[in-house]
Structure formats: structure tokens, C-alpha cells
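Chemist: Fold the following and give me the result.
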Amino acid sequence: MNRPEKKLRKGIYLLPNLFTTGALFAGFYAIVAATTDLFDQAAIAIVVALFLDFLDGRIARLTHTTSKFGAQYDSLSDMVSFGVAPALVVYEWALIHFGDFPWIWSKLGWLAAFFYTAAAALRLARFNARVTVVSKRYFQGLPSPAAAGALVGFIWACHDMQLSPEDVAIAALVMTIVLGALMVSNFTYHSFKDINLVDRIPYIVMLAVVLGFILVSIDPPKLVFIVFALYALSGPVIYIVRLKRKRGARTTVNIEDRP
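Modeler: Below is the predicted model of the structure:
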């Protein structure tokens with residue numbers, strides 16, 4: 001005789017899902033803002049979504065309110081806020097200008113935006129499928145929130161410097177494609193999930209946090225872009241460093257084995 005299935009709990013945890021809903025709202029607002037040419041507001045909205053997405057999972061773990069529903073809801077919210085929204089924002093901002101080009105070049109803009117969106121979907125699907133078997137210290141492939149941060153950080157910085165979207169359209173195209181490729185790559189990225197927000201920390205760490213807030217307040221657009229761009233580059237850099245170490249170790253072994 002089969003055991004009776006466990007009755008599903010009614011209701012959901014409010015606090016973590018409230019943050020997830022806030023991130024979803026910010027991502028949706030970014031799409032609305034982009035359709036009315038408010039690209040700086042669209043970029044800021046996605047940055048707000050990044051902050052809320054960073055908090056929802058950690059709050060769920062701290063308050064012991066994690067759930068399968070919350071994990072799936074968070075993934076769907078990420079698809080909108082960090083997959084669809086950034087692609088539409090960068091398309092409306094710069095990639096749409098490729099439509100003025102002749103023949104197949106006119107399709108490059110929306111094809112790049114679709115590639116980014118599809119890559120984000122594949123990245124999230126791979127994460128969900130392997131969430132129980134991969135190391136929690138590292139991500140495989142660039143996380144979609146980080147890719148979105150680098151992309152909208154670039155838009156925000158260019159808007160802040162009053163650069164014309166037409167002048168940076170090629171750079172935006174390349175960045176959109178590269179970030180999409182990094183999301184589905186096998187490069188490893190530090191997840192920072194091993195940082196415990198409850199444990200005591202040295203005073204120097206708190207000082208570094210304060211200095212970080214000061215730096216952000218000086219020039220938010222450029223700093224957001226620089227931070228996420230460096231994180232995106234950290235995957236290939238770590239891969240190259242590890243590859244060189246392996247080759248160096250093999251060379252050392254070969255030399256030692258010689259008579």
C-alpha cells in the first residue's frame with residue numbers, strides 16, 4: 001500500500017516573497033520606462049531589482065522561511081527582471097538603431113536582445129536543474145542578475161555621460177552578446193553565499209562596507225557598471241589562472257620525472 005501523499009501547506013511566507021514581488025515590480029517598471037525613453041529610470045529600476053533579489057533569499061534563510069514555492073517564484077521573477085527587462089531596455093536604447101542598416105544587419109539588434117533573453121532562460125533552467133548537486137560556493141556561468149547589472153550599468157553610465165546611443169550601439173551589441181554567452185558558459189563565479197550575515201565580523205570589514213557606500217554615493221552609474229563588469233570578467237580570469245597553474249604543475253612534474 002502506498003503512503004498517502006503529504007498534504008501541501010496552504011499559504012505562502014510573506015516576507016521573502018514580498019521582496020521577490022518588489023524585484024518583479026522593478027523589472028516590469030524598467031520595461032515600461034524603456035518604452036517611454038526613460039532609460040536612466042529603467043536602469044535604476046533594474047539595479048533596485050538586483051538589491052531586492054539579493055535580499056529575498058538571504059532573508060528567507062535567516063528567518064527559516066525557505067520553500068519550493070519561493071524558489072520557483074524567485075526564478076520566474078529573475079527571468080522577467082534580469083532576462084526580459086535588460087534585453088528590452090538595451091534594445092530600445094541602442095540596438096534598435098541597427099534597424100536603419102541595410103539587409104541582414106538590420107536584424108542584429110533584436111537578434112542580440114533575443115540571444116541575451118534566451119541565454120538568461122537557459123542559465124536559470126540549468127541552475128534550477130542542478131541546484132542540489134553543484135557547489136553553493138560557486139556558480140556555473142555568469143548569474144543573470146550580474147549580467148543584467150553589467151548591461152544596465154553600461155546604459156546608466158553612458159546616459160550619465162550624455163553619450164549618444166547611436167555612438168555606442170556597436171559596443172552595446174557586443175556587450176549584450178558577450179554577457180549572454182557568459183551566462184551559458186562553464187566559467188565559475190564566486191557566489192558569496194558562504195558569507196554569514198549573522199556571525200560577528202571584524203571592524204575592518206564594517207569599515208570597508210562604509211567606504212563602499214561612500215564610493216557608491218560619489219558616482220553610482222559608473223561604479224555599478226565597473227563592479228558588475230569586473231565580476232563578469234572574473235570568470236574567464238579565474239579560468240585562465242587555473243589553466244596556467246595546471247600547465248605549470250604538469251611542467252614541474254615532467255621536469256622531475258626526467259633522468
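
Chemist: For the stretch 151-259 of the chain, just list every one of the helices.
Modeler: Along the stretch 151-259 of the chain, counting by DSSP state H, counting those that start in this stretch, helices occupy 169-183, 203-218, 220-257.

Chemist: got the angle between the last one and helix 203-218?
Modeler: Right, helix 220-257. Between helix 220-257 and helix 203-218, the angle comes out at 130 degrees (axes from the mean of the first three to the mean of the last three C-alpha atoms, to 10 degrees).

Chemist: which helices and strands sit right next to helix 220-257?
Modeler: Judged by 3 or more C-beta pairs under 8 Å, 6 or more residues apart in numbering; DSSP states H and E, helix 220-257 is in contact with helix 144-160, helix 169-183, strand 188-190, helix 203-218. C-beta here means a position set from N, CA and C on the backbone, and glycine is covered the same way.

Chemist: I'd like the helices of the stretch 151-259 of the chain written out as a markdown table, with mean neighbour count added.
Modeler: Below are the helices of the stretch 151-259 of the chain laid out as a markdown table (neighbours: other C-beta atoms under 10 Å):
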| stretch | mean neighbour count |
| --- | --- |
| helix 169-183 | 20 |
| helix 203-218 | 10 |
| helix 220-257 | 14 |
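
Chemist: Quick one, which of those gets closest to Thr65.
Modeler: Each of the helices of the stretch 151-259 of the chain has some distance to Thr65 by C-beta to C-beta; the shortest is helix 203-218, at 25.3 Å.

Chemist: Neighbours of Ser185, how many?
Modeler: 17 (other C-beta atoms under 10 Å).

Chemist: Do I have it right that Val80 meets Leu24?
Modeler: Yes. Judged on C-beta atoms under 8 Å, Val80 makes contact with Leu24 at a distance of 5.8 Å.

Chemist: out of these two, which sits in the more crowded spot?
Modeler: Leu24 (23 against 19).

Chemist: Tell me which other helices or strands the helix or strand harbouring the more buried one touches.
Modeler: Element membership of Leu24 [criterion: DSSP states H and E] is helix 14-35. With contacts defined as 3+ C-beta pairs under 8 Å, 6+ apart, the packing partners of helix 14-35 are helix 39-62, helix 68-79, helix 85-93.

Chemist: Check which helices and strands the longest one sits against.
Modeler: It refers to helix 39-62. helix 14-35, helix 68-79, helix 85-93, helix 144-160.

Chemist: Which one, of those, ends up nearest to Leu173?
Modeler: helix 85-93 (8.8 Å).

Chemist: Run the chain-centre distance for that closest one.
Modeler: 15 Å (C-alpha atoms, centre = their mean, to the nearest Å).

Chemist: Can I get that helix as PDB, trimmed to CA atoms?
Modeler: In PDB, the C-alpha atoms belonging to helix 85-93 read as follows (Å, rounded to 0.1, in the frame of the first residue of the first chain):
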ATOM      1  CA  ALA A  85      13.800  43.600 -18.900                       C
ATOM      2  CA  PRO A  86      17.500  44.200 -19.600                       C
ATOM      3  CA  ALA A  87      17.200  42.900 -23.200                       C
ATOM      4  CA  LEU A  88      14.200  45.200 -23.900                       C
ATOM      5  CA  VAL A  89      15.900  48.200 -22.300                       C
ATOM      6  CA  VAL A  90      19.100  47.800 -24.300                       C
ATOM      7  CA  TYR A  91      17.200  47.200 -27.400                       C
ATOM      8  CA  GLU A  92      15.000  50.300 -27.000                       C
ATOM      9  CA  TRP A  93      18.100  52.300 -26.000                       C
END
